[in-house]
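**Q** Have a look at this prediction, sequence included:
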Amino acid sequence: MRAVVQRVSHARVTADGSVTGEIMTGLLILLGVGRDDTSAVAAGLAERIANLRIFEDDQRKMNRSLQDVKGSALVVSQFTLYGDARGQRRPSFVAAAPPEQAKKLYEEFGEALRRLEITVATGMFGAMMSVELVNEGPVTILLDSDKAF
């Protein structure tokens, strides 16, 4: 799995002209699912993100996690995180999981965050979506379950 994690003061996603998910303080998580990903990978990445210390403490140091600040998560499916454009103009998405597998693991990822007592809002899997956010810091972290970066 790959994730782009952004610390936000506000984020919202719309699909088909309707808001499907909206949060205030928390994390916008753009989530890509790879062909080799499993339920264990989804749960592990959710735990890692929930405990990622990227919120400021009283000394303005990034020392608090999403759980510590009791923030929310807006999770948006993003298969293009597996796009490979090396040496070509049109990205290849062969490393991305097929839709059925990706949807299942995307939903399991959200449930894993909920089990960690994180309030979760979501986009609409497979839909054309518009994402709005106010990135605080700005803080943006890239994560890969294979630790490719």
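**A** Nice, I can see it.

**Q** the longest helix in this protein is where?
**A** In terms of residue count, the longest helix belonging to the chain (DSSP state H) is helix 99-115.

**Q** Does anything pack onto whatever helix or strand comes next after that one? Which helices or strands?
**A** Beyond helix 99-115 in the direction of the C-terminus, DSSP states H and E gives the next helix or strand as strand 119-122. For strand 119-122, the contact count by 3 or more CB pairs under 8 Å, 6 or more residues apart in numbering; DSSP states H and E identifies strand 18-23, strand 72-77, helix 99-115 as packing neighbours. Any C-beta I mention is one placed from the backbone N, CA and C, and that applies to glycine too.

**Q** So what sits opposite the most centrally placed residue in the chain in the bridge?
**A** Among the residues of the chain, the one closest to the centroid is Ile29, at 2.1 Å (CA atoms, centre = their mean). Judged by DSSP bridges, the bridge partners of Ile29 are Val5, Val75.

**Q** Which residues are in contact with it?
**A** Listed by CB atoms under 8 Å, 6 or more residues apart in numbering, the contact set of Ile29 reads Ala3, Val4, Val5, Gln6, Ile49, Ala73, Leu74, Val75, Val76.

**Q** Return the distance of Leu133 relative to Asn51.
**A** When CB to CB, to the nearest Å is applied, the distance between Leu133 and Asn51 equals 22 Å.

**Q** When these two are compared, which one has more neighbours?
**A** Ranked by neighbour count (other CB atoms under 10 Å), Leu133 and Asn51 place Leu133 first, with 18 against 12.

**Q** I'd like to know the beta-bridge partner residues of the more buried one.
**A** Each beta-bridge partner of Leu133 is listed here, defined by DSSP bridges: Ala11.

**Q** shouldn't it be in contact with Arg7?
**A** No: look at Leu133 against Arg7 with CB atoms under 8 Å: they stay out of range, at 9.7 Å.
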